[in-house]
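> Everything below, folded, please.
(one chain, ligands or ions: 1)
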Amino acid sequence: MKPVLLKNDIYWVGAVDYNLRNFHRYSRSPQGSTYNAYIVKDQKNVLFDTVDEEYCDELLKRISEIMDPAEIDYIVCNHMEKDHAGSIERIVEVCRPEKIFCSAMGEKSMKAQFNTEGWPIQVVKDGERLNIGKRNITFLETRMLHWPDSMVSYLEEDKVLFSNDAFGQNVATSSRFVDEYDSTLLSHAMKDYYYNIILPYSPLVLKTVERIGKLGLQFDIIAPDHGLIFRTQDDIKFLFDTYVEMATQPYKLRAVIAFESLWGATKKMAYAVGDGLQSVGVPFTIIDAQENHCSMVMNELADSSALILGSSTRNNMPLVNMLGVIANVKGLKPKNLVGAAFGSYGWSGESPKMINDELVAMGVEVVAEPVKAYFGPNEAELKACFELGQKVGLALKEKVNA
Ligand code: FEO
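So this is what the prediction gives:
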């Protein structure tokens, strides 16, 4: 793929990773991803971010189609996680930049990860401006969106925001722009990315959007480091609206049932819970935790506000994949959820109560007593599951209609 022109003298020079299926070791990205890097040609030529180490040759090849890499004067490192900074040692060696710009935390992270001896690192402060000739860059720190070192770079005259991880999506395609891609697939990818990476920092997302409004920043292009680039006003508006909605997490009329079953009894219970939800008009998804990665539950929570978890009991606790689901959800801190727990057992049966307690600990409003079944489930136990589904469904409807 050739470099892609974004605006006069502004190019995408990154790499597309079509086969990535495990994003950052914690989220599955069934559509692959990209590592976007950008070049701005001016009196000082600037490279914004690099790519995963595996794609360094591609990055250098694309830069070479625009200029000799040795002509790069400045490198801006908006974030030092390896998917953006993995190539930095080679790039510095080849380009011999005059300066490398990063945040204070970025410098700390850079020095901890790479041999930076002799590197011309220059720390920039939040709001600091840098003139590169006809253009000015403003650096804005976005701490914890999603790392302590994260920042974004705004190219003032061109109204281009290099937003790093913010506003990204795991999409691998030969298209580079949102307006060249299917809007439903894009929307799905944005939610998957946000719910598995950005969600815990939602209050900061809202503050950042508010800050952008106060600063009066205008955007012609929003260029993240993963996925597609936003370049129409409609798409940019859609992006901000979607981010505000994902950060606010309003109640949505849909439920997720996730279960893990040893011999099939808990699975039967999960489907009975689903019947209960359906009887009160609440659509739902059922996820078998043994067959799906734990990030699938988060993907579904992007469109759901009820979380119902069930597991058999083994060694006095839920099964290990369900424990993974619980740990993943807990760490990502979704808000505005109702829920309940269930599970079968053949021995001691602690699992439903333990799951129930975990749901409470993560702030889920538990609206039904946990249901447990001894082997079975027998008719009475299935009825209890059905009623659990009904209770959760009715509580959710009340929230949605409030
Ligand atoms: Fe895309 Fe935080 O790395």
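
> hang on, residue 178 packs against residue 233?
No - no contact is recorded between residue 178 and residue 233 when judged using Cβ atoms under 8 Å, the distance being 11.8 Å. Where you see a C-beta, it was placed from the backbone N, CA and C, and this is true even at glycine.

> higher neighbour count, those two?
residue 178 (23 against 11; other Cβ atoms under 10 Å).

> For residue 382, give me its contacts.
Neighbour list for residue 382: 268, 269, 272, 376 [criterion: Cβ atoms under 8 Å, 6 or more residues apart in numbering].

> Just give me the closest of these to the ligand.
Using Cβ to the nearest ligand atom, residue 269 comes nearest to the ligand of those, at 38.6 Å.

> residue contacts, the closest residue to that closest one other than its chain neighbours?
By the measure of Cβ to Cβ, 6 or more residues apart in numbering, the closest residue to residue 269 outside its immediate chain neighbours is residue 385, 4.7 Å from it. If a contact means Cβ under 8 Å, 6+ apart, then residue 385 has 269, 270, 272, 273, 276, 342, 371, 373, 377 as its contacts.

> Any residues of the stretch 1-150 of the chain in contact with the ligand? List them.
If contact is defined as Cβ under 6 Å from any ligand atom, the residues of the stretch 1-150 of the chain in contact with the ligand are 79, 81, 83, 84, 146, 147.

> Just give me the neighbour total for the second one.
Per other Cβ under 10 Å, the neighbour tally for residue 81 reads 18.

> Give me the nearest residue to it, chain neighbours excluded.
In space, and not counting its chain neighbours, residue 81 is closest to residue 147: 6.2 Å by Cβ to Cβ, 6+ apart.

> which one of the contacts of residue 382 has the most neighbours?
Across those, the neighbour count under other Cβ under 10 Å reaches its highest value at residue 269, namely 31 neighbours.

> Now do the contacts for residue 362.
Taking Cβ under 8 Å, 6+ apart, we find residue 362 in contact with 326, 329, 330, 333, 334.

> Now with 6 Å, please.
Applying Cβ atoms under 6 Å, 6 or more residues apart in numbering, one finds that residue 362 lies in contact with residue 330.

> all strands of the stretch 101-250 of the chain, in order?
For the stretch 101-250 of the chain, the strands defined by DSSP state E, counting those that start in this stretch cover 121-123, 129-131, 136-141, 151-155, 160-164, 221-224.

> buried set for the helix ranked longest in the chain?
Selection of the longest helix in the chain by residue count, based on DSSP state H, yields helix 379-401. Counting neighbours by 16 or more other Cβ atoms under 10 Å, one finds that the buried residues in helix 379-401 are 381-382, 384-397, 399.

> for stretch 37-48, same thing?
Buried-residue list, stretch 37-48, by 16+ other Cβ under 10 Å: 37, 38, 39, 40, 41, 42, 44, 45, 46, 47, 48.

> Out of those, flag the one nearest to the ligand.
The shortest distance between the ligand and any of the buried residues of stretch 37-48, using Cβ to the nearest ligand atom, involves residue 37 and amounts to 11.8 Å.

> For the closest one, which non-adjacent residue is spatially closest?
With sequence-adjacent residues excluded and distances taken as Cβ to Cβ, 6+ apart, residue 37 is closest to residue 14, at 4.4 Å.

> Also residue 187?
residue 242 (7.2 Å).

> residues near the one you found, how many?
Neighbour tally, residue 242, other Cβ under 10 Å: 16.

> Give me the pLDDT for it.
Confidence per residue is given as pLDDT, and for residue 242 that number is 97.

> Residue 110 now?
Residue-level pLDDT assigned to residue 110 equals 97.

> Just the residues contacting stretch 332-347, thanks.
Stretch 332-347 is contacted by residues 199-200, 249, 251, 265-266, 269, 298, 301, 305-313, 351-352, 355-356, 359, 364-368, 370-373, 375, 385, 388, 392, 395-396 when judged by Cβ under 6 Å, 6+ apart.
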